[in-house]
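Peer 1: Build me a structure from this.
(one chain, ligands or ions: 1)
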Amino acid sequence: MPKLLLVATGGTIAGSAADTTDTSRYRAGALSTDSLLAALPEAASLGQITAEQPFALDSKDMTPIHWLALATLLRERLAAPEIDGIVVTHGTDTLEETGFFLHLTLPRTKPVVLTAAMRPATARSADGPMNLLQALACAGTRDAAAFGPLVVAGDRIWRARDCSKQHTHAPDALGGVDAGPIGVAIGTQVRLDHVGEGAATAFAGVLPNEVPRVDVLSAYAGAPADLIDASVANGAAGIVLALAGHGSVPADWLPAIGKAVTRGIPVVRASRVASGGVMPQANFDDAAHGTQACGRLTPWQARVALMLAISTGMARNALQETLLRA
Ligand code: SIN
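Peer 2: Numbering: from 1, shown residues only. Here you go, the predicted structure:
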């Protein structure tokens, strides 16, 4: 029997509503790990399970301080011989950001599996109980470790770096845009259809004590360039631009970008378009302007990588390479 740790952070999977048909007005993170596990007697057949609850948050309130605390906790628990795999419960709203932070910062020694739910635990057809069972089954599958953190929901398994929220309310809200699942769960049987690459990322060494402010600024018709000036004036150490199309920079923004870059503030071009990302030099001369391109990362993922790059003192040329490979 694998020894599995459940690390609960809140979310709808631990949500509770007064009415069993109310799937939008409920309190996320209301239920303890004891009540989640008490409702799942089947979990005992998947492993010896212990639980911890570092937070009980609606994930809209998750901050980089929580990411650092969670990554520190998980790194300690992964090093413990009495733990074979870890499941993290999380809200769906910002799971993609926490998942990507963990993707960048955790070693790939044992499975780490995030799971979530769209319907509160008190709802008819709640999706959380089966998601949690499938996540526990996946965390007990040794080969899952080599992919880095995974997300399990609705019978499918994605790498956390490829999974984001695709729908605001439907039960199958989580999914990949440019990358599909790496496996499936059928009941509590797990099937991995690919082989994980094993090596952890450049950020899986020493975890920084804190990460700096990095802002994501969205382009839109008529968006003023002083958004960039305001971000710099308010202390941003890096800026990610969620630009139109393939990272097209509004002409009006060029002076403000130039000022930020001259002050040593890295500026990363990303796109507000859902898929495709932004390649270096595409639609813009990054080399001439001192900017970087996000590769296939979303703006929010690029922000996470940039925060870690700045806090670990990564050199500019290494940053572009890291963004492309993250
Ligand atoms: C949250 O993200 O904590 C609430 C929404 C959800 O989990 O689906």
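Peer 1: Near the ligand, which residues of this protein are found?
Peer 2: By the rule C-beta under 6 Å from any ligand atom, the part of the chain lying against the ligand is 10-12, 28, 58-59, 91-93, 116, 118. Bear in mind the C-beta positions are built from the backbone N, C-alpha and C, glycine included.
Peer 1: please redo it, this time with the cut-off set to 8 Å
Peer 2: 10-13, 15, 28-29, 57-60, 90-95, 116-118, 165, 173 (C-beta under 8 Å from any ligand atom).
Peer 1: Just the buried residues from those residues, in ChimeraX please.
Peer 2: To isolate the buried ones among these in ChimeraX, judged by 16 or more other C-beta atoms under 10 Å, type:
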select :10,11,12,13,15,28,29,57,58,59,90,91,92,93,94,95,116,117,118,165,173
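Peer 1: So which of the residues of the chain next to the ligand are in helices?
Peer 2: The helices, defined by DSSP state H, take in residue 95 from the residues of the chain next to the ligand.
Peer 1: Could you list which of the residues of the chain next to the ligand belong to strands?
Peer 2: residue 165 (DSSP state E).
Peer 1: Residue 238 and residue 268 touch, don't they?
Peer 2: Yes: using C-beta atoms under 8 Å, residue 238 makes contact with residue 268 at a distance of 7.2 Å.
Peer 1: which residues touch the lengthiest helix in the chain?
Peer 2: In terms of residue count, the longest helix belonging to the chain (DSSP H) is helix 64-78. Under the contact criterion C-beta atoms under 8 Å, 6 or more residues apart in numbering, helix 64-78 has outside partners 5, 7, 9, 52, 54-55, 57, 83, 86, 88, 97-98, 101-102, 105-107, 109-110, 112, 207-211, 304, 307.
Peer 1: from those, which would you call buried?
Peer 2: Among these, the ones that count as buried (16+ other C-beta under 10 Å) are 5, 7, 9, 54-55, 57, 83, 86, 88, 97-98, 101-102, 105-107, 110, 112, 207, 211, 304, 307.
Peer 1: Just the closest residue of the stretch 1-150 of the chain to the ligand, please.
Peer 2: residue 91 (2.0 Å; C-beta to the nearest ligand atom).
Peer 1: Pull the contacting residues for that residue.
Peer 2: 9-13, 28-29, 57-60, 62, 116.
Peer 1: List just the nearest of these to residue 44.
Peer 2: For these, the residue nearest residue 44 by C-beta to C-beta is residue 13; the value is 18.9 Å.
Peer 1: Report the separation between the residue in the stretch 201-326 of the chain positioned nearest to the ligand and residue 286.
Peer 2: Closest to the ligand within the stretch 201-326 of the chain is residue 300: 14.0 Å, counting by C-beta to the nearest ligand atom. Distance, residue 300 to residue 286, using C-beta to C-beta, to the nearest Å: 20 Å.
Peer 1: Which one's more surrounded, those two?
Peer 2: residue 286 (21 against 16; other C-beta atoms under 10 Å).
Peer 1: excluding its backbone neighbours, what's nearest that one?
Peer 2: Nearest non-adjacent residue to residue 286, counting by C-beta to C-beta, 6 or more residues apart in numbering: residue 280, 5.2 Å away.
Peer 1: Which strands or helices does the helix or strand hosting the residue of the stretch 201-326 of the chain closest to the ligand pack on?
Peer 2: Using DSSP states H and E, residue 300 sits within helix 299-311. Packing partners of helix 299-311 (3 or more C-beta pairs under 8 Å, 6 or more residues apart in numbering; DSSP states H and E): helix 95-105, strand 214-218, strand 238-243, strand 267-271, helix 316-325.
Peer 1: Kindly reformat the ones you listed as JSON lines containing mean pLDDT and distance to residue 187.
Peer 2: Below are the helices and strands packed on helix 299-311 laid out as JSON lines (pLDDT from 0 to 100; distance: least, C-beta to C-beta, whole Å):
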{"stretch": "helix 95-105", "mean pLDDT": "98", "distance to residue 187": "23"}
{"stretch": "strand 214-218", "mean pLDDT": "98", "distance to residue 187": "39"}
{"stretch": "strand 238-243", "mean pLDDT": "98", "distance to residue 187": "40"}
{"stretch": "strand 267-271", "mean pLDDT": "98", "distance to residue 187": "39"}
{"stretch": "helix 316-325", "mean pLDDT": "91", "distance to residue 187": "36"}
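Peer 1: Alright, that wraps it up for me.
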